[in-house]
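In: structure for the following, please:
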Amino acid sequence: MSDATSFPKAASTRELEQGDRFTPRFDADGLIPAICTDVATGEVLMFAWMNADALHATLVSREAHFWSRSRGKLWKKGEESGNVLAVTAIATDCDQDVIWLKVKPLGAGKACHTGARTCFYREVVADPTNPTCATLKPLA
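Out: Next comes the predicted model:
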């Protein structure tokens, strides 16, 4: 992370929760969770992690960038598949430790690496007698 991608820190809880300055709070690993929803439908498309460089690249390019924990590198969503997520709005929660990207899916309109439109394509169905033995079924 360079000085160009260093975000300011909130001076107080009041500034963090009620101020007008963006002061994202990254976890101990330097990451912040990011949820992506389709701007047209509101559908949750995916969840991923961002580091400061990914958040900076997203703010500058208005295309979603993330930090791949498995590959240990920055990646632009759709750089290989063509399924880019064009960012239309960026929001954060009350204590600025989660990012919400409202996006317009480009390319084939698929957000999941499996080829599904969304990463959330299965419902968890709990067994009432043993909730830890849940099954998965396709979402309707």
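In: list the helices and strands the top helix by length along the chain packs on?
Out: Using DSSP state H to define each element, the chain has its longest helix at helix 52-61. Applying 3 or more Cβ pairs under 8 Å, 6 or more residues apart in numbering; DSSP states H and E, one finds that helix 52-61 contacts strand 65-68, strand 73-76, strand 85-92. C-beta: built from backbone N, CA, C; applies to glycine.
In: enumerate the positions of that helix that are buried.
Out: 52-58 (16 or more other Cβ atoms under 10 Å).
In: do the same with stretch 72-82
Out: Judged by neighbour count (16+ other Cβ under 10 Å), stretch 72-82 contains these buried residues: 74-78.
In: of all those, which two lie farthest apart?
Out: Within the buried residues of stretch 72-82, Leu74 and Gly78 form the most distant pair, 13.7 Å apart (Cβ to Cβ).
In: pLDDT (mean, whole number) over stretch 83-95?
Out: Mean per-residue pLDDT for stretch 83-95: 97.
In: now stretch 10-27
Out: For stretch 10-27, mean pLDDT is 96.
In: thought Val44 was touching Leu101?
Out: No - Val44 lies out of contact with Leu101 (Cβ atoms under 8 Å); the separation is 10.9 Å.
In: in this structure Gly19 contacts Ala10, no?
Out: Yes - Gly19 is in contact with Ala10 according to Cβ under 8 Å; the separation is 6.8 Å.
In: looking at those two, which is more packed in?
Out: Using other Cβ atoms under 10 Å as the criterion, Gly19 and Ala10 rank with Ala10 on top: 17 against 14.
In: how about the more buried one, nearest residue that isn't a chain neighbour?
Out: Here the nearest residue to Ala10 in space, its sequence neighbours aside, is Leu16; by Cβ to Cβ, 6 or more residues apart in numbering that works out to 3.7 Å.
In: strand partners (parallel or antiparallel) of the lowest-mean-pLDDT helix or strand in the chain?
Out: Least confident helix or strand of the chain, by mean pLDDT, DSSP states H and E, is strand 130-138 with a mean of 91. Paired strands of strand 130-138, with direction, are strand 122-127 (antiparallel) (DSSP bridges).
In: quick one: mean pLDDT over the strand it pairs with.
Out: 94.
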